[in-house]
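Chemist: sequence first, then the predicted structure:
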Amino acid sequence: HHSSLVSQNQEQDDALGTAESAAASGENGNGQDAATKSSAPAPASASLASSVQVVVRVRPMLPHETGSTSCIQIRSSSDTEPPNVVCIGGQEGPKFTFDHGFDSRSTQIDVFSSRVQPLVDNCLEGYNATCLAYGQTGSGKTHTIMGPSSSTGVVQDEVHQGVIPRA
């Protein structure tokens, strides 16, 4: 019941070199070591300056799933971090850490304003950015990217618009 929203934000001229250097050096922090840092200004949103950010959004239960209990919870790894740990099956189940996690109560505007708007802003400053939705069929990818389906294909309700109509 979850999909991943993967975003990439990187300087245009250094996109391939930084990724290759990071892979070769084993760097897993911000994807850059002293040899690959650029003298160009950093992206406007320093929190998204890392090469790849992985975000998980847990969709709400569908009508045919009512009566079931959710087995996925989103928690913070510390008091200073945003929600970023996905817990499956309660405290004893496996835990997966991401850059950010949105629970089933998150809104379209929550996802857009905190994770996608900074990418759009950086694109306008000349940086490359990619927002990719990935997940199992029925996990909410199209809902997150486009908004709820409608007979016309256009979401009239601004509150429910997805990433693309907002960008």
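Modeler: Looks like it arrived, so ask away. Numbers count the residues shown, from 1 in each chain.

Chemist: Glu81: neighbour count?
Modeler: Neighbour count for Glu81, taken as other C-beta atoms under 10 Å: 13. Glycine gets a C-beta too; all of them are placed from N, C-alpha and C.

Chemist: below-threshold pLDDT in this protein: ranges please.
Modeler: Along the chain, the parts satisfying pLDDT under 70 run over 1-50, 150-156.

Chemist: now the helices for the chain?
Modeler: Using DSSP state H, the helices found in the chain span residues 15-25, 108-111, 117-124, 141-145, 163-166.

Chemist: in the third one, which residues are buried?
Modeler: Burial within helix 117-124, assessed by neighbour count using 16 or more other C-beta atoms under 10 Å, is assigned to 117-119, 121-123.

Chemist: could you do the fourth one as well?
Modeler: Using 16+ other C-beta under 10 Å as the test for burial, helix 141-145 gives 141, 143-145.

Chemist: rebuild the residues you listed as TSV, extending it with distance to Ser113.
Modeler: Putting the buried residues of helix 141-145 into TSV (distance: C-beta to C-beta, whole Å) gives the following:
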residue	distance to Ser113
Lys141	19
His143	17
Thr144	13
Ile145	15
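
Chemist: of these, just say which sits nearest to Glu81.
Modeler: Glu81 has its nearest neighbour among the buried residues of helix 141-145 in Thr144, at 22.0 Å by C-beta to C-beta.

Chemist: surely that closest one touches Val55?
Modeler: No. The criterion here is C-beta atoms under 8 Å, and Thr144 misses it with Val55 at 9.8 Å.

Chemist: can you count the residues close to Gly90?
Modeler: Gly90 has 9 nearby residues by other C-beta under 10 Å.

Chemist: which parts of the protein are strands?
Modeler: 2-11, 52-58, 72-76, 83-88, 95-97, 100-102, 127-135 (DSSP state E).

Chemist: for Ile72, list each beta-bridge partner.
Modeler: Ile88 (DSSP bridges).

Chemist: oops, could you answer that again for Val54 instead?
Modeler: Val6.

Chemist: does it touch Phe98 like I think?
Modeler: Yes. Here Val54 reaches Phe98: they are 4.9 Å apart, a contact under C-beta under 8 Å.

Chemist: ok, Arg57 touching Ser106?
Modeler: Yes. Applying C-beta under 8 Å as the test, Arg57 and Ser106 come out as touching, 6.3 Å apart.
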